[in-house]
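In: Build me a model from this:
(6 chains)
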6 protein chains.
Amino acid sequence: MSQQQTDLYEGGTPDKGNWVEDLKPGLTAEGIFAVASAAARPKKDGKAFLSLELQDRTGSIAAVAWDHAHLAPRLDPGSVVSASGIVDTYQGQPQFKITELELLEEEIPSRFFLPEGQQDRETLHSRLSDIRSSIETPHLVELLDRIFDEEGLLEPYLEAPAAKLRHQAYVGGLAEHSLNMAEHAAYCSRFYPEIDGDLLVTAALLHDIGKIFEYRVDTVIDYSDEGRLEGHIVIGDRLIRRAADSIAGFPEDVKMHLSHLILSHQGRLEYGSPVTPKSLEAVVLYALDLLDSRVATFRDIRDSYAGEDRTWSDYDRLDERFWYLKSGAS
Amino acid sequence: MSQQQTDLYEGGTPDKGNWVEDLKPGLTAEGIFAVASAAARPKKDGKAFLSLELQDRTGSIAAVAWDHAHLAPRLDPGSVVSASGIVDTYQGQPQFKITELELLEEEIPSRFFLPEGQQDRETLHSRLSDIRSSIETPHLVELLDRIFDEEGLLEPYLEAPAAKLRHQAYVGGLAEHSLNMAEHAAYCSRFYPEIDGDLLVTAALLHDIGKIFEYRVDTVIDYSDEGRLEGHIVIGDRLIRRAADSIAGFPEDVKMHLSHLILSHQGRLEYGSPVTPKSLEAVVLYALDLLDSRVATFRDIRDSYAGEDRTWSDYDRLDERFWYLKSGAS
Amino acid sequence: MSQQQTDLYEGGTPDKGNWVEDLKPGLTAEGIFAVASAAARPKKDGKAFLSLELQDRTGSIAAVAWDHAHLAPRLDPGSVVSASGIVDTYQGQPQFKITELELLEEEIPSRFFLPEGQQDRETLHSRLSDIRSSIETPHLVELLDRIFDEEGLLEPYLEAPAAKLRHQAYVGGLAEHSLNMAEHAAYCSRFYPEIDGDLLVTAALLHDIGKIFEYRVDTVIDYSDEGRLEGHIVIGDRLIRRAADSIAGFPEDVKMHLSHLILSHQGRLEYGSPVTPKSLEAVVLYALDLLDSRVATFRDIRDSYAGEDRTWSDYDRLDERFWYLKSGAS
Amino acid sequence: MSQQQTDLYEGGTPDKGNWVEDLKPGLTAEGIFAVASAAARPKKDGKAFLSLELQDRTGSIAAVAWDHAHLAPRLDPGSVVSASGIVDTYQGQPQFKITELELLEEEIPSRFFLPEGQQDRETLHSRLSDIRSSIETPHLVELLDRIFDEEGLLEPYLEAPAAKLRHQAYVGGLAEHSLNMAEHAAYCSRFYPEIDGDLLVTAALLHDIGKIFEYRVDTVIDYSDEGRLEGHIVIGDRLIRRAADSIAGFPEDVKMHLSHLILSHQGRLEYGSPVTPKSLEAVVLYALDLLDSRVATFRDIRDSYAGEDRTWSDYDRLDERFWYLKSGAS
Amino acid sequence: MSQQQTDLYEGGTPDKGNWVEDLKPGLTAEGIFAVASAAARPKKDGKAFLSLELQDRTGSIAAVAWDHAHLAPRLDPGSVVSASGIVDTYQGQPQFKITELELLEEEIPSRFFLPEGQQDRETLHSRLSDIRSSIETPHLVELLDRIFDEEGLLEPYLEAPAAKLRHQAYVGGLAEHSLNMAEHAAYCSRFYPEIDGDLLVTAALLHDIGKIFEYRVDTVIDYSDEGRLEGHIVIGDRLIRRAADSIAGFPEDVKMHLSHLILSHQGRLEYGSPVTPKSLEAVVLYALDLLDSRVATFRDIRDSYAGEDRTWSDYDRLDERFWYLKSGAS
Amino acid sequence: MSQQQTDLYEGGTPDKGNWVEDLKPGLTAEGIFAVASAAARPKKDGKAFLSLELQDRTGSIAAVAWDHAHLAPRLDPGSVVSASGIVDTYQGQPQFKITELELLEEEIPSRFFLPEGQQDRETLHSRLSDIRSSIETPHLVELLDRIFDEEGLLEPYLEAPAAKLRHQAYVGGLAEHSLNMAEHAAYCSRFYPEIDGDLLVTAALLHDIGKIFEYRVDTVIDYSDEGRLEGHIVIGDRLIRRAADSIAGFPEDVKMHLSHLILSHQGRLEYGSPVTPKSLEAVVLYALDLLDSRVATFRDIRDSYAGEDRTWSDYDRLDERFWYLKSGAS
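Out: Numbers count the residues shown, from 1 in each chain, chains lettered A, B, ... in the order given. Okay, here's the model as predicted:
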């Protein structure tokens, strides 16, 4: 560990140092950053320098390091470095001129790099405990115990994002989205008494659990190999089915129905569900998923214009519309 | 009024007499029925007889009236008759052999012919009053007063169906569906505080109000001319906009937003909305509409197999799936 | 067992008796048939008779049994009866007038009711053995051993149909279709040497194995509950993954890739695959599946007009075209 | 008003000064321009300068103003400035180096900024008068009087564009497109005598009238809030219906049919029409709209390559094709 | 030729005899009819009788011929018979009891069986001559001469239908539709002077000429083998290209453009055009085709309810709408 | 011919000189290149210089020529130049500073500019000869002789690419793709004996032959005018049909079927086939086309990452997926 790193790790936990959003021209800066891209390029004198893009959860910045071209092959996207130097301007944009640069091998807290939701781990955990304690059906209680406690998925569940790009694409997003749906499911099963409430709430909690394995989350959120090859729906169903199979006496028809709920929750084949919703709980689960993800999408879009007095978002290619930012309670 | 009719009207209100579901072979029967179809046909002796299909809300039955062929031109589908005779069997099916037949011109209660929902008018009215009294925004309060009270749409609203074929295709269906959504909207605006709750609840109450004019409801539910030419979305928006325009000081941006909510509530252009949902309240309204109509669809399908011990519905062409009738709370 | 049944079972195996296709007016007949539908109906004298539709793999026939109305509640669709009587004509169509009728509880060979493919079990078994012995990758060899031999799926695999309605919707259809694809896959991996041949052949053999559980096959081919709720793709993937997990040292990346092959083999989300083909072997598997099922579809259509000198099939609603029956080698 | 402005306004009407297309390197220039974008950026010395993009109807140009960074917050896109300075080259492109810059608050003729069609206001007005005088049905005559004359929509109608991006996206485009369709409609109703010609011509004139309010046209063409929230179809229908309602004795069925024509004129739900064309006049109106907008699209594309000897346009993403520029009369 | 036939052919041309629409119960009738279907069926006495469905252009009727079962194998659909007997009633429907029946081998005028348009051959011919004489471009004049006169396609062109089911599915329909479009094309090329009018008019005349060979028209309109295998678009393009190739000096780019017009006239790949319209004339041709076929569709639907006072058609599955029959000039 | 050109042509054949991929900063270079774009731009002194993008089959490079602005009007995209100068760096990218530049009018071998497949002309020719000699049906033998030998299409066939962008978009790609399919077709017709093997193999060889004329291949692959106006499917069908028509006694039904195979081979209307596959051979041909083009696509994608150790491709917009580069035999 170099002197520089030692400084950042003072006291046992690494210190982030400067955030990207604070790197203004003229500043002498040091900090821990993720590498977005890195390449060796020729200088006019024929020697090579290192051209980088660095980022943390507050943004990204162009950087150059005149004397570190040899590091280029090891600086894969997502690798983590400590860097110090001064901030200059190049072609009208800030540029970080790095004088000291080291590749870090230690584990760095993902909160340096990843956005976090508004609810912290404790809030999410407490909401999860509450909703779990409302479930009375013994085999469903046992299923959740098995998955969260015995198989150790509680922590990953509380940390996983709900998406790569959008609606709850932040640490804790999966839990926040699932808890929103589960609490809403509880309301629905009071409103429509013919709903099997415990089953619907359980399915709401677990419907996206495959996302824990669909994404690879370290300094960025990206798909894992199995995420791309199998998708979170099948990964999640497999995980839940194995847990259910390991519980003596878990009713076979509930296993099937629970699988159906997980598999059909995206509502249409063309959205990636291998079967369409055919049960009462399945149609409700799909509508609740639509509801919470649309609200979260709107929130994300609106927040990205925070501080601007705008009526409309830019055109949103993904959803093929402009968003009316003036809507919502004032 | 003939003697027969007099009997049925005894005491001021007409008496339904026998229901179609009770017309078993061997029975001597009389009752009030709607004409589904009627045609004069030649008998072997060259004279004409009348061949009919009669119906009420419990079903339909084939009928013949040997001596009433002259009535054929006046028996349009949907007209109402009183008939008496005996029930026989023809080609393995019950056939009502009518000896006395009269065309009724009086207004006959639609409950003889149309299915009714499980909630009666009083329940619906009381739910509507409750939700209306929860709204505090003055111009929205006034808007609902204007529409329901001053323009006299309260009664039609409480009686209209929500569909011709399915999900709440019964007397009171529109109100039941709208109230479900409005109550759910109130829950949502507590859950997501950034929602403009009064606006969402108002939109939920009014989103389908154009259906009052989209359907022609007497002895059957059918589309009106304007229903086919304009559709309930535009009819409803026009009605609401006129009411809003008549209220001094109704904010212009709320008028626009309310129109947007009505116009976009079916969620996609190909479902008949001329604009896609672009506001927070609009995406929520669409999801709630989806939710309540899907629950109602499931209920309708399941109820149509009441008394049968079936796991699956027949193939449902409209929704392109079999329904899992064993789902729901047991 | 009644005298009648005894006759049919003479010598230990039940005797089919007459086939439906032989029931011509005037014949005195007896045989074993599946019940397509059954209902008690009133006779003119007020008593009830039994109206049935009976079928075997050669067709179906209307039937009446004047004295067996009491059996109606037990004659579910798919139940099996022995019946004797004479064949008459009713409204221009043959009608079987049954004098003796018994519900059979014994297991009846499915070949009485279900169509069979052109290749018998031995041929299919021998083709399977050949192709299995061509696979050299140890963990894939072991996987097939586990599934076919240790888990006892060999027999169900050789008997299952490949579809409910069409392309190989007969006993042995699953094996025939899978073997065609596997042999073709072997050819492809010689033609395109960059293909992982053992993996592709294994995937071809197993891609539809979930159909063993997707269909309920006794007297008719129908979907099982899990077939409708989960679909054969997920059922098959789960089965294969469990077998692979039980094999020590089965490479994790092969598990993922094999899952990908099973999950993506229908080629598009809207055809029910939860992921699209992303690997070389996956795109090949999809094309081979398309190829063999289209050939089989053509064959089925053409065979249904056997004996007729036609150039064109009737309009095929499923595939939205007329088929050119004069194509193919003459 | 500054000296500079005074110069441009000399004689009462503002003088455009130089057009963007004339700003060649080396020129000393002054003129009135619309602001496409503006931002304060840091100079190397730490102070801020203003970086702009300016435009008029002949094109756009990059600009810098070293001493006017303080204006940045007031220079919203679409605002209008007068600027003088010299034209230089930066990175191979012309750059306007501004020495004097003022924000103009006065109303500036939109013809400085917006493209104009080939037909001037008088031509359009005269065509409109002609076609209006050909209509004989009293209530339709009165409807057009009401809309154009009493409600003062004549001028906006003659100035509005027909689109934001393409097919008649210029001043006068709405009138030109509508008149083309109306004259064509008159021809059609002579050709097909079963057409109600007066109704079809009226609908052709009015079908897009909502575009007056769908677009916000000052220095650029953009959507208005109500344009995005409601769309021109509903806005137009509402406007027409109100006018019709205000005419005593306007037949109710004509109101409905006229609404149907406006609402269905885009031909398909997925194109934004809430109902599909169901009447004779509606199918004709849709075809005429398709015809004139396609011709206009071709014209726009072809004109954008004026002066180039090309056979093919670049790939047109909107219409997903290359256009054959050599077609048309030579 | 039998005595019966002799009677019908008296005077050299066959006599139609009774039309189907006149076959009322009680009538003794004879006439020439097309066979829609024919099958031998067993009588109660074990012998066979012939069950038929006969038709002419006025409708169809069920028929029986007790003594002609031996004719069944020769009575293919579309074959022509002369029949005499009496009209009776069976199960409430008219039934023609045939006593004399002969299969006719002679050529029978198609007007006995096929509906005819409102314009006779002379009118169509005269319109064609007029429009042809308006074309001045020499190679296009020569092309039409070649196709209509030298290759003898004039008569087939004047007789072919424009469709099997609808829009001008009658004798002369192809010419009527093509002439409507050509006259309209002439109008368009005056209205939009940048259109190459002669080319557009020629393409309008020829765009559907492949339909001459796509349909097999004798007693019914059906697809020919090449119609199903190749489609009228490719057949027509081939025919036109061959004619153009045979004309010395026909410009190569006009050949290409003309092919493009024929190939793209259905406007979209999914409507069967192998290329989308890319030229000015191509987009106009598509819009004119849409216009005239939609008007013709409306006319067909409306005419099928002639004499009924209806506001709406039945649901039209092909176009997925109800049609507003009250539209059009009154 | 200049001195420079003379050098490159030394010995009769032109010498390519340096390849683009070798143009590293600091190098003095000369070579023959294709012009991708060229424009005259103003220097600071007001005079013009020439800014170019040059390319050959190894890549493209930015270039400037200070003294050759006068050549700009003649340097159309695709024209060929010889250039010498030195390689420098501009804005971090290599830039070729040209001192001598001449436009070449001579024919330059397309292998300088176009990528080549892995199989050379001889290999492809030999495969073609082999498969042709396996065909025994006389009229099909004669058809291939006519097309390849008498009409001189052999050489163009062996040189044409199979696509503009992808799957075999290289010299020889058409032949390679067609031969792969033909050999595969031969296998299929042994596997499924009901296939007409000679017909299927012939169709496989010829299915894309229209691509010879669909693309204009000189220094780049681009569409020809007829390629865009008619498409390779119709061009190919026309070519084949003419050849067949010129053969005495070629069976008419085989002509139709062969046309059907060519026309339907893209499998769906929306993929550009004017008819859907209706024959046995047609469904097989479509599946084989899908198979070989998908394998080739995968190969192209994988090869574009050669030398990189990647598991996944970048997102492929055309096929809307990431590709799993680790698949295939290792």
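
In: do stretch A:144-151 and chain C meet?
Out: No: judged by C-beta under 8 Å from any C-beta of the partner chain, stretch A:144-151 stays clear of chain C, getting no closer than 14.9 Å. (Glycine included, C-beta is placed from N, CA and C.)

In: What residues sit buried inside that stretch?
Out: Residues of stretch A:144-151 classed as buried by neighbour count (16 or more other C-beta atoms under 10 Å in any protein chain shown): A:Leu144, A:Arg146, A:Ile147, A:Phe148.

In: mind checking the backbone torsions on the closest residue to chain E within the stretch 101-250 of chain A?
Out: Using C-beta to the nearest C-beta, the closest approach of the stretch 101-250 of chain A to chain E is made by A:Gly231 at 29.1 Å. In terms of degrees, to the nearest 10, the main-chain angles of A:Gly231 are phi 90, psi 150.

In: any idea of the mean pLDDT for stretch A:90-105?
Out: Averaging the model's pLDDT scores along stretch A:90-105 yields 88.

In: so how far is that stretch off the chain centroid?
Out: How far stretch A:90-105 lies from its chain's middle: 27 Å, per C-alpha atoms, centre = their mean, to the nearest Å.

In: before we move on, the earlier item: looking at the buried residues of stretch A:144-151, spot the one nearest chain F.
Out: Taking the buried residues of stretch A:144-151 together and measuring to chain F by C-beta to the nearest C-beta, the closest member is A:Ile147, at 28.7 Å.

In: The closest one: what's it in contact with?
Out: If you count contacts by C-beta atoms under 8 Å, 6 or more residues apart in numbering or on different chains, A:Ile147 has them with A:Leu153, A:Leu206, A:Ile209, A:Leu239, A:Ile240, A:Ala243.

In: Tell me the secondary structure of the fourth one, please.
Out: Meaning A:Leu239. What DSSP: H, G, I helix; E, B strand; the rest coil gives for A:Leu239 is helix.

In: residues near A:Arg310, how many?
Out: 12 (other C-beta atoms under 10 Å in any protein chain shown).

In: Repeat that for A:Tyr315.
Out: 10.

In: pretty sure A:Cys188 is in contact with A:Val284, am I right?
Out: Yes: contact criterion C-beta atoms under 8 Å: A:Cys188 and A:Val284 qualify, at 5.8 Å.

In: Please enumerate the shared neighbours of these two.
Out: What both A:Cys188 and A:Val284 touch, as defined by C-beta under 8 Å, 6+ apart, is the set A:Ile195, A:Leu200, B:Leu291.

In: now those residues in TSV, with distance to A:Ala29?
Out: Conversion of the shared contacts of A:Cys188 and A:Val284 to TSV gives the following (distance: C-beta to C-beta, whole Å):
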residue	distance to A:Ala29
A:Ile195	56
A:Leu200	51
B:Leu291	51
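
In: For chain F, state which of the residues you listed is nearest.
Out: B:Leu291 (30.0 Å).

In: what's the distance between the closest one and A:Ala186?
Out: 14 Å (C-beta to C-beta, to the nearest Å).

In: What is the burial count for A:Ala72?
Out: Residues near A:Ala72, counting by other C-beta under 10 Å, number 17.

In: So it lies in a strand, does it not?
Out: No: under three-state DSSP, A:Ala72 sits outside any strand and is assigned helix.

In: what about the closest residue in space to it that isn't next to it in sequence, how many residues close to it?
Out: Nearest residue to A:Ala72, sequence neighbours excluded (C-beta to C-beta, 6 or more residues apart in numbering or on different chains): A:Ala40, at 4.1 Å. Here the number of neighbours of A:Ala40 (other C-beta under 10 Å) works out to 16.

In: A:Leu158 too?
Out: A:Leu158 - counted by other C-beta under 10 Å - has 20 other residues nearby.

In: Could the C-alpha coordinates of the helix or strand hosting it be exported in PDB?
Out: Here A:Leu158 sits within helix A:154-159, counting by DSSP states H and E. Extracted in PDB, the C-alpha atoms of helix A:154-159 (Å, rounded to 0.1, in the frame of the first residue of the first chain):
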ATOM      1  CA  LEU A 154     -31.200 -11.100   3.300                       C
ATOM      2  CA  GLU A 155     -28.100  -8.800   2.900                       C
ATOM      3  CA  PRO A 156     -27.900  -9.200  -0.900                       C
ATOM      4  CA  TYR A 157     -31.600  -8.500  -1.100                       C
ATOM      5  CA  LEU A 158     -31.300  -5.300   0.900                       C
ATOM      6  CA  GLU A 159     -28.400  -4.100  -1.300                       C
END
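
In: Checking the residue in the stretch 51-200 of chain A that chain F sits nearest to next. Helix, strand or coil?
Out: Nearest residue of the stretch 51-200 of chain A to chain F (C-beta to the nearest C-beta) works out as A:Ser51 at 7.3 Å. Taken by three-state DSSP, the conformation at A:Ser51 corresponds to strand.

In: so what pLDDT did it get?
Out: A:Ser51 carries a pLDDT score of 91 in this model.

In: And the residue of the stretch 201-330 of chain A closest to chain F?
Out: For the stretch 201-330 of chain A, C-beta to the nearest C-beta, closest residue to chain F: A:Arg228, 5.8 Å.

In: Contacts only, for that residue.
Out: The contact partners of A:Arg228, by C-beta under 8 Å, 6+ apart, come to C:Val275, C:Lys278, F:Trp312, F:Phe322, F:Tyr324.

In: Going by distance to chain A, which of the residues you listed wins?
Out: Nearest member of the contacts of A:Arg228 to chain A, counting by C-beta to the nearest C-beta, is C:Val275, at 4.9 Å.

In: mind listing the helices for chain A?
Out: Secondary structure of chain A (DSSP state H): helices at A:3-9, A:121-133, A:138-144, A:154-159, A:173-191, A:197-206, A:211-214, A:225-229, A:231-245, A:252-264, A:280-303.

In: Quick one: check the longest one for contact with chain D.
Out: Same thing as helix A:280-303. No: on the criterion C-beta under 8 Å from any C-beta, helix A:280-303 is out of touch with chain D, staying 14.6 Å away.

In: Who are the packing partners of that helix?
Out: helix A:173-191, helix A:197-206, helix A:252-264, helix B:280-303 (3 or more C-beta pairs under 8 Å, 6 or more residues apart in numbering or on different chains; DSSP states H and E).

In: now do the fifth one
Out: For helix A:173-191, the helices and strands in contact under the criterion 3+ C-beta pairs under 8 Å, 6+ apart are helix A:121-133, helix A:154-159, helix A:197-206, helix A:280-303, helix B:173-191.

In: what about B:Leu291 and A:Ala186, which has more around it?
Out: Using other C-beta under 10 Å, the more surrounded residue of B:Leu291 and A:Ala186 is B:Leu291, with 24 against 20.

In: quick revisit: by contact count, what packs against the helix holding A:Leu158?
Out: Based on contacts counted as 3+ C-beta pairs under 8 Å, 6+ apart, the elements that helix A:154-159 packs against are helix A:121-133, helix A:173-191.

In: Could you list the buried residues of the longest one?
Out: Taking 16+ other C-beta under 10 Å as the neighbour-count basis, helix A:173-191 is seen to contain the buried residues A:173-189.

In: Likewise for stretch A:241-261?
Out: Neighbour-count burial for stretch A:241-261 flags A:241-244, A:247, A:250, A:254-261 (criterion: 16+ other C-beta under 10 Å).

In: out of those, who's nearest F:Leu27?
Out: Minimum distance to F:Leu27 across the buried residues of stretch A:241-261 is 61.3 Å, recorded for A:Arg242 (C-beta to C-beta).

In: Now mean pLDDT too, for the helices of chain A, in JSON lines please.
Out: Output for the helices of chain A, formatted as JSON lines (pLDDT from 0 to 100):
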{"stretch": "helix A:3-9", "mean pLDDT": "44"}
{"stretch": "helix A:121-133", "mean pLDDT": "97"}
{"stretch": "helix A:138-144", "mean pLDDT": "98"}
{"stretch": "helix A:154-159", "mean pLDDT": "94"}
{"stretch": "helix A:173-191", "mean pLDDT": "97"}
{"stretch": "helix A:197-206", "mean pLDDT": "98"}
{"stretch": "helix A:211-214", "mean pLDDT": "93"}
{"stretch": "helix A:225-229", "mean pLDDT": "95"}
{"stretch": "helix A:231-245", "mean pLDDT": "97"}
{"stretch": "helix A:252-264", "mean pLDDT": "98"}
{"stretch": "helix A:280-303", "mean pLDDT": "96"}
